[in-house]
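Structure of the sequence below:
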Amino acid sequence: VQIGSQCWMQENLNIGTRIDGFVTSTNENGINSTIEKYCYDDDDSNCGIYGGLYQWNEAMNYFETEGAQGICPDGWHIPTVNDWQTLTTTVSANPNYICNGNQGYIAKALASSYDWTVDTTTCAVGDNLSANNATGFNGLPAGYRDYTDGAFKARRIFACFWLSSPSGTRAH
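Below is the predicted model:
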């Protein structure tokens, strides 16, 4: 989807072989060529809906170069901090994408129009879902896998995206 000068994938990646959430990727040190992913609650159908959940090193295909292709298809790359900042600046500058005239409320314009937990707070992503996704970005509330204990958390509440900064920064 074209947003300002950028082109973004309209759906989350879903490639690789599923491993259980309590398992640390066997490819942790880049020792095999199998892309490993997690599916929320270890349920393959969740990968079909939300895409795979990946450890940062796996998503980056074991390269620590900002802007690396990682596991993305040819012609795409893991977004950089600058890519994400350009996206949020573009969205917040467009009056059609902000809620109630407040440039700080852009999440609704990036969030999918379905599956978010209901929240009646004005401008919350979960309030009036039909008003979401003005940009076409279609951010899904896939949640995440906690790397410390392997637990799946916050599905239908959070959309998290890896950035290619060497620190493994995650954008919410």
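
Trp162: neighbouring residues, count only.
20 (other C-beta atoms under 10 Å). Just so you know, the C-beta spots here come from the backbone N, C-alpha and C atoms, and that holds for glycine as well.

I meant to write Ala107 there.
Ala107 - counted by other C-beta under 10 Å - has 18 other residues nearby.

What is the three-state secondary structure of the spatially closest residue to it that is not a sequence neighbour?
In space, Ala107 comes closest to Val125 once its chain neighbours are excluded; the distance is 5.1 Å by C-beta to C-beta, 6 or more residues apart in numbering. State at Val125, reduced to three classes by DSSP: H, G, I helix; E, B strand; the rest coil: coil.

Can you verify my assumption that Val125 contacts Ala111?
Yes. Between Val125 and Ala111 there is a contact under C-beta atoms under 8 Å: 4.5 Å.

shared neighbours of these two, which are they?
Listed as contacting both Val125 and Ala111 by C-beta atoms under 8 Å, 6 or more residues apart in numbering are 132, 141.

Show me what the longest helix along the chain is packed against.
Counting by DSSP state H, the longest helix found in the chain is helix 81-93. Where contact means 3 or more C-beta pairs under 8 Å, 6 or more residues apart in numbering; DSSP states H and E, helix 81-93 is packed against strand 2-3, strand 6-7, helix 107-110.

closest to Thr80 out of the ones you listed?
Thr80 sits nearest to strand 6-7 of all these, at 11.2 Å, using C-beta to C-beta.

Neighbouring strands - and their directions - for that closest one?
Strand 6-7 sits in its sheet next to strand 2-3 (antiparallel), going by DSSP bridges.

roughly how far is the partner strand from the heart of the chain?
Mean-position distance between strand 2-3 and its chain equals 16 Å (C-alpha atoms, centre = their mean, to the nearest Å).

Can you get me a residue count around Asn133?
Neighbour tally, Asn133, other C-beta under 10 Å: 19.

typo on my end, it should be Lys108
24.

gap between it and Asn133?
From Lys108 across to Asn133, the span is 8 Å (C-beta to C-beta, to the nearest Å).

and what of Thr88?
Thr88 is 16 Å from Asn133, by C-beta to C-beta.

hey, where'd the helices end up in this protein?
44-50, 56-59, 81-93, 107-110.

now stretch 129-145, how far from the centre of its chain.
Worked out by C-alpha atoms, centre = their mean, stretch 129-145 lies 9 Å from the chain centre.

What residues of it count as buried?
Neighbour counts over stretch 129-145 (16 or more other C-beta atoms under 10 Å) mark 129, 132-135, 137-145 as buried.

One more: stretch 154-163?
Those would be 154-156, 158-163, for stretch 154-163 by 16+ other C-beta under 10 Å.
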